[in-house]
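> Return atomic coordinates for the entry below.
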Amino acid sequence: MTQAAIRKFKITDYKAVIELCGKAKLPFKPKGRDSRKSIEKQIKQANTIYLVAELNNIIIGSVFGTHDSRKGYINRLVVLPAYQNRGIGRQLVMEVEKHMYKIGIGIITSLVEDWNKTSIMAFQRMGYKKHKDIIYFSKRKTSQI
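Next up is the predicted model:
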């Protein structure tokens, strides 16, 4: 297991995290919800905990956590492919969980696309239960969000 330094995301990390998503083949919307302007707005909100994992001053992982004051959500968990299966994702998730539990949120969830077998297996290994009985609905103001 590789021990990375976990710290809060800063907007100056934006470019490195977007590049990380590209290297890990995680889809992102740089003209919508994942734009620098949008992320900068999000990190200022009290219901977010955005983290990065660093090794030798290089960002090798990232996670965005949010909550609605009753349920927590893990979004955008990504680890550089060369560092996957070394516990980095687990470290990031555990930090989000710790934060959520500390503020009284006892249910933490993550939405994972059905094609993303790596993330599905990772969350199952971390004790998350897959729900086949939940159907996800969304309504989007624009196609970029």
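> switch to C-alpha atoms for all contacts and neighbour counts from now on
Will do.
> For Ile59, grab phi and psi.
Main-chain torsions, Ile59, degrees, to the nearest 10: phi -70, psi 120.
> Now do it, the pLDDT please.
Confidence at Ile59, expressed as pLDDT, is 97.
> Neighbours of it, how many?
Using other CA atoms under 10 Å as the criterion, Ile59 is surrounded by 20 other residues.
> Let me know the helix or strand that Glu95 is in.
For Glu95, the element it lies in under DSSP states H and E is helix 88-102.
> Run through the neighbouring helices and strands of that helix.
On a contact count with 3 or more CA pairs under 8 Å, 6 or more residues apart in numbering; DSSP states H and E, helix 88-102 meets strand 48-55, strand 58-67, strand 72-79.
> buried sites along stretch 124-144?
When burial is assessed from 16 or more other CA atoms under 10 Å, stretch 124-144 yields no buried residues.
> Touching that stretch from outside, list them.
Lys29, Lys31, Gly32, Arg33, Arg90, Thr109, Phe123 (CA atoms under 8 Å, 6 or more residues apart in numbering).
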